[in-house]
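>>> Quick one: sequence and predicted model below, then my questions.
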Amino acid sequence: MKKASKRLTMAILAILAAAPLLTTIPTAQAATGSSTPTVGVAAFNDVGVVGPNGAAIYTLQNTTAVKDGTLKANSAWRLTGKTTVAGKDYYRVSATQYVLASDVVLRSTWQKLPARYVIGIKHDAPLYNGMGTQKSGRTLNTGSVWIATYTATANGQTWYQIGDNQWVSANDVGELSHSAAHKNSFTVTLVQDMPLWTGFQYKFSGRWLAKGSKWKVTATGSSSNGAQWYQIGANQWINAGGAQRQAVYQNPGQYWQISNTQILPQGKVGYNLRLGSEGIKTWLTLWWLGMDRSYANLNQTAVNKIMYYQRRWGLPVTGQVDVKFWTNMGFKRDDFYTIDGYVSPLKTNENSTRSDHIEAMISTAYQYLGKPYIVGASTSPAYGTDCSGLVMQALYSSGINPLPSSSIRHAQPGYEWESRNLWANPLLKKVSYGERQRGDLIFYRDPSSGLIWHVAIYLGNNMVIESWPPKIMVQPVTNWQRSWIAGVGRPFV
């Protein structure tokens, strides 16, 4: 912990441990005297509290003030009149006795502050005994925080009381000099109760934030005393010394690493279809050619038909579907690229927990529920997918890019069985079937060949969400169609 943070922590602890800062206000007394005043006196009604050095009592005779005794320090007196003699203001404390206005503080100027009201010192400042009448010899450090119980005004200046007859000038209270705020995004947990400030300790907001509460930080900055600050609302700040940054969840280094930024397409966006291509563009092309697309593979028959239309339209006869052939079929030019380039939007960030990542993956899979099974497909929920295509889009949304497998590669000739490649990926942790948990990947074998032929996302309670002909659905983890489990992969360790 930085020294500045330690100082803040010690200061706040000192505040909370302090005794009541002003137990009582002195009871007002009434002075006695029977002489007849010799000056004009205006009616007045208040209580004056004498400063720490006491106050002289005067009798007033025309333009002369004659000392006639002393009032005790910190005593309070009923003031019944006000007059001016020789340019100085006096308050009447008895029929003929007066005190200089500068030697007392009017009770009416005192304002009781809410419980646990705090002030922050903006630069090294003296602590006074009384309101500016005598320095205590103690200095309040820059950035220190104090509970104040009263404010009062003396000689046109505002003061805060932070102890028995201990005062600090409002001129020494306020915002610290600080750096510019920098945008950020993370979560902190408070390790102690913390005051919430407007600005960098500019003004107490009136709120204390509870120890153990969690807050989203949107910006950071530093003040002149070396303290770090976190913004958690519109110009609302806390001192970082009382907060602990939440650790970023990440898989151990030997497994798939979690990204906190949007995953980008891997491969050529806008690829041509050729013999053996699969996926959504193939599925749409087969439909236009009037062919069966229950198995969306661009076979030789489809290639021959493509060549026929290329001759008919005067296009190069390649047997491939490029963007020109695509638009001649009546499809939108943009779709030729956006279908390939789709990667599920990232639903997690550096504040996300393991559970958040798992739920993001599963919620994305549910967006495809009811869509058709389409071999080699892995694009937006507007279309269907196959089993590994569904898993890849779900992983993308939760921050995992399972390279070398990708949604683009999956549609290329020879990459239909990305489920096998996912299972073979050494960065995917393998666990036993008995250890399966929500968010794990369940892999299945072909009973005839023993090869991996299917993958599903485990939901818990022996249920999975999967793409299996004819559609994406929620099913028991085993059934009569695919009960030969090869193993379990854990993307979030």
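The structure has been received and is ready for your questions. Numbering: from 1, shown residues only.
>>> mind checking the SS state of residue 204?
Look at residue 204: counting by DSSP: H, G, I helix; E, B strand; the rest coil, its state is strand.
>>> what is it paired to in the beta sheet?
residue 197 (DSSP bridges).
>>> What is the neighbour count of it?
21 (other CB atoms under 10 Å). From N, CA and C alone the C-beta is placed, and that goes for glycine too.
>>> From the centre of this protein outward, give me the first residue you hit.
residue 216 (1.5 Å; CA atoms, centre = their mean).
>>> Surely it and residue 187 touch.
Yes. At 5.6 Å, residue 216 counts as touching residue 187 under the criterion of CB atoms under 8 Å.
>>> who touches both of the two?
Overlap between the contact sets of residue 216 and residue 187, as judged by CB atoms under 8 Å, 6 or more residues apart in numbering, is given by residue 351.
>>> Helices of the protein, residue ranges please.
Along the chain, counting by DSSP state H, helices occupy 3-17, 280-289, 300-313, 323-328, 333-341, 354-366, 387-397, 407-410, 418-424.
>>> which other residues reach the fourth one?
Contacts made with helix 323-328 from outside it, assessed by CB under 8 Å, 6+ apart, are listed as 270, 281, 285, 306, 309, 310, 313, 315, 333, 335, 336.
>>> Name the spans of the stretch 301-450 of the chain whose pLDDT lies under the cut-off.
Nowhere does the stretch 301-450 of the chain drop to pLDDT under 70.
>>> and what of the stretch 51-200 of the chain?
133.
>>> Residue 287 versus residue 466, what's the distance?
Per CB to CB, to the nearest Å, residue 466 is found 24 Å from residue 287.
>>> cool, and residue 143?
From residue 143 to residue 287 the distance is 70 Å (CB to CB).
>>> between the two, who's got more neighbours?
residue 143 (24 against 13).
>>> Hmm, the more buried one is touching residue 227, no?
Yes. With contact defined as CB under 8 Å, residue 143 counts as touching residue 227 (5.7 Å).
>>> Not counting its neighbours along the chain, what's nearest residue 213?
Among residues not flanking residue 213 along the chain, residue 190 sits closest, at 5.3 Å (CB to CB, 6 or more residues apart in numbering).
>>> so that neighbour sits right up against residue 208, yeah?
No. The pair residue 190 / residue 208 is not scored as a contact, 9.9 Å apart, by CB under 8 Å.
>>> Could you check which of these two is surrounded by more residues?
residue 190 (18 against 15).
>>> Residue 41: neighbouring residues, count only.
17.
>>> Excluding chain neighbours, give the residue nearest to it in space.
Per CB to CB, 6+ apart, closest to residue 41 is residue 81, 4.0 Å.
>>> same check, this time on residue 261
In space, residue 261 is closest to residue 346, 7.1 Å off (CB to CB, 6+ apart).
>>> hmm, back to that, among the helices of the chain, which is nearest residue 128?
helix 3-17 (18.7 Å; CB to CB).
>>> okay, now residue 419: neighbour count?
Residue 419, neighbours per other CB under 10 Å, totals 25.
>>> Same question for residue 238.
Neighbour number of residue 238 under other CB under 10 Å is 22.
>>> OK, contacts around it?
Neighbours of residue 238 in contact, by CB under 8 Å, 6+ apart: 190, 194, 195, 196, 197, 209, 215, 229, 230, 232.
>>> quick one: the second one and residue 426, what's the gap?
When CB to CB is the yardstick, residue 194 and residue 426 sit 45 Å from each other.
>>> who's more crowded, the two?
Neighbours were counted for residue 194 and for residue 426 using other CB under 10 Å; residue 194 has more, 25 against 8.
>>> Phi first, then psi, for the residue nearest to residue 277 when sequence neighbours are not counted.
Distance criterion CB to CB, 6+ apart; nearest residue to residue 277, sequence neighbours excluded, is residue 298 at 4.5 Å. Dihedral angles of residue 298 (phi, psi; degrees, to the nearest 10) stand at phi -80, psi 90.
>>> for residue 420, what are its contacts?
451, 452, 453.
>>> Next: residue 386.
With CB under 8 Å, 6+ apart, residue 386 has these contacts: 373, 374, 375, 376, 377, 378, 416, 467.
>>> Residue 460 - nearest residue in space that isn't next to it in sequence?
The nearest residue in space to residue 460 (CB to CB, 6+ apart) is residue 438, at 4.0 Å.
>>> Surely the one you found touches residue 358?
Yes. Here residue 438 reaches residue 358: they are 6.1 Å apart, a contact under CB under 8 Å.
>>> Can you pick out the residue with more neighbours from the two?
More crowded of residue 438 and residue 358, by other CB under 10 Å: residue 358, with 21 against 15.
>>> residues contacting that one?
Residue 358 touches 398, 438, 439, 492, counting by CB under 8 Å, 6+ apart.
>>> Residue 424 versus that one, what's the distance?
Relative to residue 424, and taking CB to CB, residue 358 is found at 23 Å.
>>> circling back to that earlier point, show the contacting residues for the residue nearest to residue 41.
41, 42, 43, 44, 91, 92.
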